[in-house]
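Enquirer: Okay, sequence plus prediction incoming.
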Amino acid sequence: MKVPIFQLNAYTGQQAVIKPALGIPQVAYQYARNTAPAPQVRNSSSIWQHTYISRFYMSACPTGFGGVHWRLYLQYSDHPAKSIRVDCKPSGDDLRTGKVVFDLVDYAFSSKTAAGMMFKLLRPISVLSFWRMLCHYNIQTYRYAPGVYGCRYWCQIVLKCLEVLGFLAPGEMALFLGYIADRNRKEPNVYPLPIIRGEFLAGL
């Protein structure tokens, strides 16, 4: 996985200072892949430039078929609570093409959440920079495993990127994996281990 010092915010000029993590050496090269257009955020036209995230939630909601679907909720307001729901939504004729969809919601995370965890960022990140991170690491193009499984794996890769880039404290991924291991002991069919992996079409 590439670990750049990349432009945190194109409007302020702030940069992320990357610390060596997970055995990956520090690399000094400027973020340059700014060509991917930002997807439309429903109900807003200016959310990309002026909105910063201080925490986010990984949330699993029941599908109605005995399983759960994992999404991210990027919280940008506390009072009132407001978030951007980021869903690698199954699409296509076979529902195996993951399409990343951003939606504004008037809550921190879904009230239907059956499992999940909140992560507080060490420093804010703009919505635009979050999207550019997905594009830089090729996380925005995903192929679900047969049976339309692999949403948790997609979310965990996003979590890993944020930790490696220094937006999350070291060990946050390990805490989440421990949480999943506990849920797996109680409901192994809903929270399977080993994790079911989809495929990132452009490679990580």
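Expert: Great, that's in hand. Residues are numbered from 1 along each chain as shown.
Enquirer: Starting from H50, give me the distance back to the spatially most central residue of the chain.
Expert: Closest residue to the average C-alpha location of the chain: V158 at 3.9 Å, with C-alpha atoms, centre = their mean. In this structure, V158 lies at 22 Å from H50, with C-beta to C-beta, to the nearest Å as the measure. For the C-beta atoms, the positions are set from N, CA and C on the backbone; glycine is no exception.
Enquirer: likewise M118?
Expert: Counting by C-beta to C-beta, the gap from M118 to H50 is 23 Å.
Enquirer: helix/strand/coil for R85?
Expert: Using DSSP: H, G, I helix; E, B strand; the rest coil, the secondary structure recorded for R85 is strand.
Enquirer: all helices for the chain, in order.
Expert: Remark: helices of the chain, listed N- to C-terminal, are 47-50, 127-136, 151-164, 172-186; assignment by DSSP state H.
Enquirer: Now do the second one against helix 151-164, angle only.
Expert: Going back to what we said before, that points to helix 127-136. Angle, helix 127-136 to helix 151-164, by axes from the mean of the first three to the mean of the last three C-alpha atoms, to 10 degrees: 110 degrees.
Enquirer: now swap in the longest one and tell me
Expert: Helix 172-186 runs at 150 degrees relative to helix 151-164, counting by the same axes, to 10 degrees.
Enquirer: what does helix 172-186 contact?
Expert: Surrounding helix 172-186, the residues in contact under the criterion C-beta atoms under 8 Å, 6 or more residues apart in numbering are 58, 115, 117, 119, 152, 156, 159-160, 163, 190-193, 195.
Enquirer: buried ones in it?
Expert: Buried residues in helix 172-186, counting neighbours by 16 or more other C-beta atoms under 10 Å, are found at 172-173, 176, 180, 183-184.
Enquirer: And those residues, which is closest to Y144?
Expert: I180 (18.5 Å; C-beta to C-beta).
Enquirer: By mean pLDDT, which helix or strand of this protein comes out lowest?
Expert: Every helix and strand of the chain was ranked by mean pLDDT, DSSP states H and E. The lowest is strand 41-42, at a mean of 57.
Enquirer: Narrow the contacts of helix 172-186 to those that are buried.
Expert: Among those, those that count as buried by neighbour count (16+ other C-beta under 10 Å) are 58, 115, 119, 152, 156, 159-160, 163, 190-191.
Enquirer: now, which of the residues you listed sits nearest D87?
Expert: Using C-beta to C-beta, M58 is the member of these that lies nearest D87, at 12.0 Å.
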